[in-house]
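Q: structure of the sequence below:
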Amino acid sequence: MSNVLEAKKREGFTKAALTEIRIKGSFPAVIYGKGVESEPVSVEEPQFIKVIREVGRNGMISLNVDGEKYDVILQEYQQDSLKGHIIHADFLAVDKSSKITSQVRVDIEGEAVGAKEGGVVQQPLFELNVTAKVSEFPEHVTVNISELAIGDSISVGDIRDQFNFVIENEDDETIVSVLPPQKMEEDEEGEDTANADVPVIDEAKEN
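A: Coordinates of the predicted model:
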């Protein structure tokens, strides 16, 4: 999916110029990559947020800079930790047929059989490194856990052949697993403690 994002060439680089950009509800950004050495621009924050929500973090964007369009992806961005405003963004100009490697979110779907029996679903891997064509880059990877019983797990090697893109992670990296019920383990530990040998104090010797 692609969407148009408007941008304006940026000529002022002083602190006052950057402040003026932000007062107007925009933020500074840079375009670089295929056919572009480095082009400083400004982008309206509300439209930027809207487009990213529509195309996804790794989606293709048609960046319109004063009438000249570039196919770009959002390379990285900086956000104010307190106010949440976008401070700066880097856009990478690309060819739609070229390949990129980036991180993709892992979503799990379904309810594991083991969870219904009291097991605990644990997801140690929330992102995958994926290589794919820009035009086909996935927004997320979905893993179905419906058939997982207690003690079962899904690793990268189990899902690698399900997709038409390359997953760069190692096969043995665990994405999700179902652990035994915690209460059962705690009860067993409690029983072990209760049955442990308790030293007997000889009252006669104490006296």
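Q: which pLDDT value goes with the most centrally placed residue in the chain?
A: Nearest to the geometric centre of the chain sits R105, at 3.9 Å (C-alpha atoms, centre = their mean). For R105, the pLDDT comes out at 92.
Q: and it, how far from K133?
A: To K133, R105 is 19 Å away according to C-beta to C-beta, to the nearest Å. Glycine gets a C-beta too; all of them are placed from N, C-alpha and C.
Q: picking that back up, which residues does the residue nearest to the centre of the chain bridge with?
A: Beta-bridge partners for R105, by DSSP bridges, are E127, H140.
Q: next up, the contacts around it.
A: By C-beta atoms under 8 Å, 6 or more residues apart in numbering, the residues touching R105 are R57, F126, E127, E139, H140, V141.
Q: can you give me the domain assignment for this protein?
A: For the chain, automatic domain parsing gives the domain ranges 2-94, 100-193.
Q: pLDDT below threshold where in the chain?
A: The chain contains residues with pLDDT under 70 at 1-2, 183-207.
Q: can you pull out the helices in it?
A: In chain order, the chain shows helices spanning 15-23, 45-55, 113-116, 156-159, 182-194, 203-206, with DSSP state H as the criterion.
Q: identify the residues contacting the first one?
A: Contacting residues not belonging to helix 15-23 are listed as R10, G12, F27, P28, S42, H85 [C-beta under 8 Å, 6+ apart].
Q: what about the second one, how many residues nearby?
A: Which is G12. Residues within reach of G12, counting by other C-beta atoms under 10 Å, total 13.
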